[in-house]
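# kindly return the folded structure for what I paste below:
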Amino acid sequence: LGVVARQLAECHSVLCATPQYLADAGIPVHLADLAAHRCLSHQRVGRTLWRLAPPAHVQQAAPLSPPWIEQPIKTVLSCNDTVSLLLLTRQHLGISMLPRALVLPDLASGVLVTVLPQYQPESLPIYAVYASRHYLPQRVRQLLDFLQQQLSQDPRWQLAPDA
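Model (predicted):
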């Protein structure tokens, strides 16, 4: 028997840093400016380059496959946990690409600010993976339905209106 993967949501990310880091290192205006910045990355996603949709794609109705820009970055620190990456970013260590749902409170309070907001990082699907539909208990199916519904209605998991 194979496995089944059911998409529950999309994880939208933002590039962000602390105001202090940007005051010390300068605010990047163009993607090429990232070469002069310290970047903090996830070990499994965007470790050496960030995939971003260009401004023209972000401002228009999104086609199915945007013309991605793969921007190489200078990673000074990489870890495999987004919460740790957030904590390191809060310590003014560099620019990170983090899940929007995770950083919304910090963006709202000004602890973090969005960097290069005209570029939209590639979203990543969130899946539930299970052994088989044939033997899936009803309560598990109900849980998956509930999670999918909640994530689809929660604004933290939606693409920002200005993106």
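
# what lies in contact with stretch 27-39?
25-26, 50, 52, 69, 71-77, 93-96, 115-116, 119 (CB atoms under 8 Å, 6 or more residues apart in numbering). To be clear about C-beta, it is placed using only N, CA and C from the backbone, and glycine gets the same treatment.

# buried stuff in stretch 124-131?
Ile126, Tyr130 (16 or more other CB atoms under 10 Å).

# please convert the buried members of the contacts of stretch 27-39 into ChimeraX selection syntax.
Selection of buried members from those for ChimeraX, criterion 16+ other CB under 10 Å:
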select :25,50,52,71,73,75,93,94,95,96,115,116,119
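
# please flag which of the contacts of stretch 27-39 sit within helices.
Ala25 (DSSP state H).

# helices and strands of the protein: which one bottoms out on pLDDT?
helix 55-59 (a mean of 61; mean pLDDT, DSSP states H and E).

# the protein: strands as residue ranges?
Applying DSSP state E to the chain gives strands spanning 4-11, 13-17, 39-42, 49-53, 69-72, 75-79, 95-99, 113-114, 120-121, 124-130.

# reformat those as JSON lines; add mean pLDDT and distance to Phe146.
Formatted as JSON lines, the strands of the chain follow (pLDDT from 0 to 100; distance: least, CB to CB, whole Å):
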{"stretch": "strand 4-11", "mean pLDDT": "90", "distance to Phe146": "10"}
{"stretch": "strand 13-17", "mean pLDDT": "96", "distance to Phe146": "25"}
{"stretch": "strand 39-42", "mean pLDDT": "94", "distance to Phe146": "28"}
{"stretch": "strand 49-53", "mean pLDDT": "91", "distance to Phe146": "31"}
{"stretch": "strand 69-72", "mean pLDDT": "91", "distance to Phe146": "36"}
{"stretch": "strand 75-79", "mean pLDDT": "94", "distance to Phe146": "31"}
{"stretch": "strand 95-99", "mean pLDDT": "96", "distance to Phe146": "21"}
{"stretch": "strand 113-114", "mean pLDDT": "98", "distance to Phe146": "31"}
{"stretch": "strand 120-121", "mean pLDDT": "92", "distance to Phe146": "28"}
{"stretch": "strand 124-130", "mean pLDDT": "90", "distance to Phe146": "11"}
